[in-house]
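**Q** Turn this into a model:
(chains A and B)
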Amino acid sequence: MLRECMLFGFMMVCAVATIANAAERYHLGRPITSDELAGWNIDVRADGAGLPVGHGSVREGQQIYATTCAGCHGANGEGKPMDRLVGGFGTLNTASPAQTVGSYWPYATTLFDYIRRAMPFNAPQSLTADQVYAVAAYVLYLNKIVPEDAILDAKTLAKVQMPNRNGFTSPDPRPDIKTTPCMKDCR
Amino acid sequence: MRKKGSFTGKAELRGASINQHPMDRRRLLLAGGALSGALAGNVLVPQISSAEGASNLPPNVPAWMKEQGAPILSAPYGVPSRFEKNIVRRKREERPTDTAATSFAPLQDLHGIITPNGLCFERHHGGVPDINPEEHRLVVHGMVDRELIFTMDGLARFPSVSRIHFLECSGNTLNWKSANPKWTVQFTHGLLMCCEWTGVPLSTLLDEVGVKPGAKWILAEGADAAAMSRSVPLSKALDDALIVYAQNGERLRPEQGYPARLLVPGFEGNMNVKWLRRLKVGDQPFETREETSKYTDLMPDGTARQFTFLMEAKSVITHPSGGQQLKGGPGFYEISGLAWSGHGRIRRVDVSTDGGRNWREAQLQQPILSKALTRFRASWQWDGSPALLQSRAMDETGYVQPRHDAIVNARGVNSFYHYNAIQTWRVDINGEVSIHVA
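**A** You can find the predicted model right below:
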């Protein structure tokens, strides 16, 4: 650009071109193909957007859970060594809150999203969509949020109402503590 | 093993067994001291034993002046003096796994405001991936005009900026209930770093893809075994967020997100997604596990605050601090510490040596940068009587770091994240420093 300006001597044109360039694109990436994106686009939103085709039942989930999840989360989701998944209802406002999937998580879709992206711990992203639906169904069943005969898919999972759905507040109310700094003989 | 005195011997001797080192006796003595101090933190004045290394003290000529030292490239990537090997990251307790885990920076032994790359705290949810940058990509998609994929070379070709910012885990400083009396500042405040970060403004990248009207949030996703994911408000992304590929002059360390991470200055550490592989633009938060079941602040009434991103003003005295000892007895000591705010610059830091009854203004070391650590210092003549050391930060918005009782009154004790109350260190009559539990 600079060399062209000097060669042609059109300094005004050069300046304008430089500014225009700054607002233009750098063309340093390339369009991603839908095939490429499909393997990486794994998030599931609260409204169910992103849930894949497939389905899973509580019963199927029970089998997968026993072999894949129980080692860390306990036979019935009671936790130890890792996070407790079940129960804790009514404890959030007590001295010992138990923040489980059942008592705390606001969206069932998040359960699918998280299992799909990060579980099982020793082999993340190894479960099929059907298996993730099934495990999610079983964890929800353990929390008495879906019945024993539940079969979850993109439609039914997105409709599951979590007990603590309305337990979260935003926006951030801070600063919630206002202090005037005392310098002498304080307290 | 070459003999002592050969020109190339030192490099090998460095890593050789202790017994064969020419100064093995001193080394063993120091190593023993280092080990015993490992959990308690170091001492302010090194104890010099008369039995150790006396031949190197005046009037004698030190051994290291009588021979050539180590040659260049003894360590092609330099390492600290072997006498500093106690200055390392540590874990606070045993956890079920060391991959979804945390290691803490030894703030008590650091100087100035920049955290050395090898001492930056670690918080991983699925371990540190071993990413070949040639095989790593960043995808930007969703509510954009052009869904693009970038190589790391392509990313590095964008106009870049370097900025100094702190990064603090929102779970830093778990003093809500009673703090462990054995904790040093490493374990109370060590989920904190401050680096010069180099990368591309996220706004530049978003201009490149063209954000569609109605977009409000961006999902950031990592390429680790947790596929870490957080929603970032578009307003923050366009304000001062960066995609960084370097820290403190070199490429990111693997444990800091190599080859690229998100940096959202002043926001809680978890949002600074490491090993960044995907940005998805959307019109609502993505409600990921890390912004619903975790990183939400439980209040006494059982509700939880969500999307509490900002790290409010905070400070801590790092020197003297828990586990250290004023070994020189009564006399002059410099109180020194760190202050920071996610809202911007630190305006003032006050220190107290009587538990918050009387305060005086500390000196602030330049540079005082926005959303960066600021080093403060105050002179102190210790008279040998028990003392309670405190620091109190004020940022440019006028916000003042609260007392412990104020934050507990406002939020109870189950909120876990975002604890930023004043820290108290107790100095007892023999100079030992420990956490003061009120």
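**Q** what about the helix or strand in which B:R377 is found, distance to the chain center?
**A** B:R377 belongs to strand B:374-382 when assigned by DSSP states H and E. Relative to the centre of its chain, strand B:374-382 is centred 21 Å away, using CA atoms, centre = their mean, to the nearest Å.
**Q** Neighbouring strands - and their directions - for that strand?
**A** Sheet pairing of strand B:374-382 (DSSP bridges) gives strand B:331-340 (antiparallel), strand B:363-364 (antiparallel).
**Q** any idea how far B:D207 is from the closest residue to B:I149 other than its chain neighbours?
**A** Leaving out its chain neighbours, the residue that sits closest to B:I149 by CB to CB, 6 or more residues apart in numbering or on different chains is A:I32, at 4.1 Å. No exception for glycine: its C-beta is placed from N, CA and C like everyone else's. Per CB to CB, to the nearest Å, A:I32 is found 18 Å from B:D207.
**Q** Pick out whichever of these two has more residues nearby.
**A** Ranked by neighbour count (other CB atoms under 10 Å in any protein chain shown), A:I32 and B:D207 place A:I32 first, with 19 against 16.
**Q** Quick check, that one in contact with B:H141.
**A** Yes: A:I32 is within contact range of B:H141, at 6.5 Å (criterion: CB atoms under 8 Å).
**Q** Report the set of residues contacting both of these two.
**A** Overlap of the contact sets of A:I32 and B:H141 (by CB atoms under 8 Å, 6 or more residues apart in numbering or on different chains) consists of B:147-148.
**Q** Close to chain A: what parts of the stretch 51-200 of chain B are there?
**A** B:96-97, B:100, B:125-126, B:139-141, B:146-150, B:154-155, B:157-158 (CB under 8 Å from any CB of the partner chain).
**Q** Drop anything exposed from those.
**A** Neighbour counting with 16 or more other CB atoms under 10 Å in any protein chain shown marks B:100, B:125-126, B:139-141, B:147-150, B:154-155, B:158 as buried within those.
**Q** Pull out the buried positions in stretch B:303-319.
**A** So stretch B:303-319, judged by 16+ other CB under 10 Å, has buried residues B:303-319.
**Q** Next, the distance between the ends of it.
**A** Stretch B:303-319 has its terminal residues 38 Å apart, counting by CA to CA, to the nearest Å.
**Q** Likewise for stretch B:196-214?
**A** 33 Å.
**Q** cool, stretch B:145-165 as well?
**A** Taking CA to CA as the measure, stretch B:145-165 stretches 31 Å from start to finish.
**Q** now stretch B:138-155
**A** End-to-end span of stretch B:138-155 (CA to CA): 8 Å.
**Q** And the contacts of it?
**A** By CB under 8 Å, 6+ apart, the surrounding residues in contact with stretch B:138-155 are A:28-32, A:36-37, A:40-41, B:133-134, B:136-137, B:200, B:205-206, B:208-212, B:214-215, B:218-219, B:243, B:245, B:259-260, B:276-283.
**Q** Now restrict these to buried residues only.
**A** Buried among the contacts of stretch B:138-155 (16+ other CB under 10 Å): A:28-29, A:32, A:40-41, B:133, B:136-137, B:200, B:205-206, B:208-209, B:211, B:215, B:218-219, B:243, B:245, B:259-260, B:276-282.
**Q** which of the residues in stretch B:108-123 are buried?
**A** For stretch B:108-123, a neighbour-count test (16+ other CB under 10 Å) marks B:108-110, B:113-115, B:117, B:119-123 as buried.
**Q** from these, which is closest to chain A?
**A** Closest approach between these and chain A, by CB to the nearest CB: B:R123, at 15.1 Å.
**Q** if we can go back for a sec, now, the buried ones among the contacts of stretch B:138-155 that are in strands?
**A** Mapping those onto strands (DSSP state E) picks out B:137, B:200, B:218-219, B:243, B:245, B:276-282.
**Q** okay if I get the residues you listed as a markdown table plus pLDDT?
**A** Formatted as a markdown table, those follow (pLDDT from 0 to 100):
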| residue | pLDDT |
| --- | --- |
| B:R137 | 98 |
| B:V200 | 98 |
| B:I218 | 98 |
| B:L219 | 98 |
| B:I243 | 98 |
| B:Y245 | 98 |
| B:L276 | 98 |
| B:R277 | 98 |
| B:R278 | 98 |
| B:L279 | 98 |
| B:K280 | 98 |
| B:V281 | 98 |
| B:G282 | 98 |
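**Q** Could you look up the SS state of B:P71?
**A** The three-state label for B:P71, taken from DSSP: H, G, I helix; E, B strand; the rest coil, comes out as coil.
**Q** Might you report the residue contacts of B:A421?
**A** For B:A421, the contacting residues are B:173, B:175, B:401-404, B:406-407, by CB under 8 Å, 6+ apart.
**Q** before we move on, the earlier item: separation between the residue nearest to B:I149 and B:G154?
**A** 13 Å.
**Q** B:D130 now?
**A** Noted for B:D130: a distance of 22 Å to B:G154, by CB to CB.
**Q** Look at B:L238 and say how many residues are nearby.
**A** With other CB under 10 Å as criterion, B:L238 counts 15.
**Q** Leaving out the residues flanking it, which one is nearest to it?
**A** B:L238 sits nearest to B:S203 (CB to CB, 6+ apart), 4.9 Å away.
**Q** okay, now the one you found: neighbour count?
**A** By the criterion of other CB under 10 Å, B:S203 has 15 neighbours.
**Q** what does A:A75 give?
**A** Taking other CB under 10 Å as the criterion, the count of residues near A:A75 is 10.
**Q** Test my guess that it contacts A:A66.
**A** Yes: between A:A75 and A:A66 there is a contact under CB under 8 Å: 7.5 Å.
**Q** just the strands in the stretch 101-250 of chain B please.
**A** Along the stretch 101-250 of chain B, counting by DSSP state E, counting those that start in this stretch, strands occupy B:101-103, B:122-124, B:137-142, B:148-151, B:161-168, B:192-201, B:217-222, B:229-233, B:242-247, B:250-251.
**Q** For those strands, give me TSV that also has distance to B:W183.
**A** Below are these laid out as TSV (distance: least, CB to CB, whole Å):
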stretch	distance to B:W183
strand B:101-103	14
strand B:122-124	17
strand B:137-142	38
strand B:148-151	42
strand B:161-168	17
strand B:192-201	14
strand B:217-222	29
strand B:229-233	28
strand B:242-247	27
strand B:250-251	31
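**Q** which residues does residue 177 contact?
**A** No chain in the question, so chain A it is. B:402, B:406-407, B:410.
**Q** Hmm, no, I was thinking of chain B.
**A** B:V413.
**Q** pLDDT score assigned to the closest residue to B:T115 other than its chain neighbours?
**A** What sits nearest to B:T115 in space, not counting adjacent residues and going by CB to CB, 6+ apart, is B:M193, at 4.0 Å. Looking at B:M193, its pLDDT stands at 98.
**Q** B:M193 - how many residues pack around it?
**A** Residues within reach of B:M193, counting by other CB under 10 Å, total 26.
**Q** same deal with B:E93?
**A** Neighbours of B:E93 using other CB under 10 Å come to 8.
**Q** Helix or strand: which one has it?
**A** Counting by DSSP H and E, B:E93 is found in no helix or strand.
**Q** how about it, what does it touch?
**A** Residues counted as contacts of B:E93 (CB under 8 Å, 6+ apart): none.
**Q** I'd like the distance between it and chain A.
**A** Separation of B:E93 from chain A (CB to the nearest CB, to the nearest Å): 13 Å.
**Q** Phi first, then psi, for that residue.
**A** Per-residue torsions, B:E93: phi -150, psi 160 (degrees, to the nearest 10).
**Q** Tell me the spacing between it and B:A101.
**A** For B:E93, the distance to B:A101 - CB to CB - is 10 Å.
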